[in-house]
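*Asks:* Let's see this in three dimensions:
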Amino acid sequence: MGIQPKMSGAAKLDISVRPLQEGDLSAADHIMRLAFGTFLGLPEPAAFVGDASYVQTRWRADPDAAFGAELAANLSAPTSRPTGAASAFSAR
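*Replies:* Just a heads-up that it's a prediction; the model follows:
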């Protein structure tokens, strides 16, 4: 079930979006903390929300609503997002 974004230009990224699996939760949690902590300018971005289990509890509440983006088959959050590229993960 991968979604391939349409991109123009010379660069082509190997990005796909798929449902998050339970084994992805640790990586997704790290990505979420690092992304939001960096966005907010925290001195320790990975410490965002402390010991809260935001990603895990949201996934357990509705696993079908959580998605992960893979870049070259690795769950990831690109450091810069080219036009048309997918986000790290999204949940409703």
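
*Asks:* hey, let's count contacts and neighbours off CA atoms from now on
*Replies:* OK.

*Asks:* where does the chain have low pLDDT?
*Replies:* The model of the chain has pLDDT under 70 over residues 1-11, 76-92.

*Asks:* Which parts of it are strands?
*Replies:* All strands of the chain, identified by DSSP state E, fall at 15-19, 66-71, 74-75, 89-91.

*Asks:* Nearest to residue 39 among those strands would be which one?
*Replies:* strand 89-91 (15.4 Å; C-alpha to C-alpha).

*Asks:* Which strand residues bridge the closest residue in space to residue 20 that isn't next to it in sequence?
*Replies:* Using C-alpha to C-alpha, 6 or more residues apart in numbering and skipping the chain neighbours, the partner closest in space to residue 20 is residue 67 (4.9 Å). Beta-bridge pairing of residue 67 under DSSP bridges involves residue 19, residue 90.

*Asks:* what's the neighbour count on residue 67?
*Replies:* Each residue near residue 67 was counted by other C-alpha atoms under 10 Å, and the total is 21.

*Asks:* Can you name every helix or strand that the longest helix anywhere in the chain contacts?
*Replies:* Looking across the chain with DSSP state H, the single longest helix is helix 25-39. Here helix 25-39 touches helix 54-61, going by 3 or more C-alpha pairs under 8 Å, 6 or more residues apart in numbering; DSSP states H and E.

*Asks:* could you redo the last one with a cut-off of 10 Å?
*Replies:* Here helix 25-39 touches helix 54-61, strand 66-71, strand 74-75, strand 89-91, going by 3 or more C-alpha pairs under 10 Å, 6 or more residues apart in numbering; DSSP states H and E.

*Asks:* Now do the buried residues in that helix.
*Replies:* Going by neighbour count (16 or more other C-alpha atoms under 10 Å), the buried part of helix 25-39 is 25, 28, 29, 30, 31, 32, 33, 34, 35, 36, 37.
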